[in-house]
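Undergrad: give me a model of this one.
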Amino acid sequence: MKIKLLLITLVFLLVEPIKVLYHPGPCPTPLPSNASRQRCMEIRNIFLDGNGIPKDIEGAQLEFNFFANNTYVGTVTENGWDAGNYYWIGEFDDIEYSYFTVMYVSGIFIMNAGMPAGVWEIKHTGYLSIYGNDLYKVIELEPYYE
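TA: All right, here's what the predicted structure looks like:
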């Protein structure tokens with residue numbers, strides 16, 4: 001019985017999407033003029049190994065909780081090096097015309113995600129969180145209509 005329970009637990013852990021953003025908190029920077037809202041968070045270090053080297057996580061499912069009412073799961077479809085920087089690209093599951101891009105540039109992450117429901121940018125604030133980790137700002141951009 002213990003072995004069966006252990007196997008079920010392991011399968012659950014393997015299927016559960018990896019949460020990318022965590023520890024939400026106040027932002028020390030003003031809301032940009034092209035944004036409808038923002039919040040600051042940390043990025044879970046799933047993209048780098050223990051030595052700070054980017055990992056190949058193609059096929060991994062990632063959960064992005066941009067805001068309480070905007071949580072999406074996406075799958076990494078490609079990753080690699082480009083111009084000395086590492087990137088991870090993917091699509092949100094079951095959402096047509098969706099994408100996310102994560103870049104690791106000079107020791108910080110830059111992210112962009114979009115779908116018909118919205119567009120989000122995630123960028124470094126230049127500050128540390130209360131936990132001592134890099135603090136990132138999640139910005140929901142205003143829609144542009146002509």
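
Undergrad: pretty sure Ile108 is touching His124, no?
TA: Yes: using C-beta atoms under 8 Å, Ile108 is in contact with His124, at 4.4 Å. Every C-beta, even on glycine, is put in place using the N, C-alpha and C of the backbone.

Undergrad: which residues do those two both contact?
TA: Asp134 (C-beta atoms under 8 Å, 6 or more residues apart in numbering).

Undergrad: the more surrounded of these two?
TA: Taking other C-beta atoms under 10 Å, Ile108 and His124 do not tie; His124 has more neighbours (16 against 13).

Undergrad: so which helix or strand takes in Gly50?
TA: Remark: Gly50 resides in no helix or strand, with elements defined by DSSP states H and E.

Undergrad: any stretches of this protein with poor pLDDT?
TA: Along the chain, the model assigns pLDDT under 70 to residues 1-15, 144-146.

Undergrad: just want the most central residue of it.
TA: Centroid check for the chain by C-alpha atoms, centre = their mean gives Val20 as the closest residue, at 4.4 Å.

Undergrad: thought Arg44 was touching that residue, still the case?
TA: Yes: between Val20 and Arg44 there is a contact at 5.7 Å, judged by C-beta under 8 Å.

Undergrad: quick one: the helices in the protein?
TA: Shown for the chain, the helices assigned by DSSP state H span residues 2-15.

Undergrad: now do the strands in it.
TA: With DSSP state E, the ranges of strands along the chain come out as 18-19, 21-25, 35-43, 61-67, 70-82, 85-92, 99-105, 108-115, 118-128, 134-141.

Undergrad: put together CSV for those, with distance to Lys55 on each row.
TA: Shown next, in CSV, are those (distance: least, C-beta to C-beta, whole Å):
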stretch, distance to Lys55
strand 18-19, 11
strand 21-25, 18
strand 35-43, 14
strand 61-67, 12
strand 70-82, 8
strand 85-92, 9
strand 99-105, 10
strand 108-115, 13
strand 118-128, 19
strand 134-141, 18
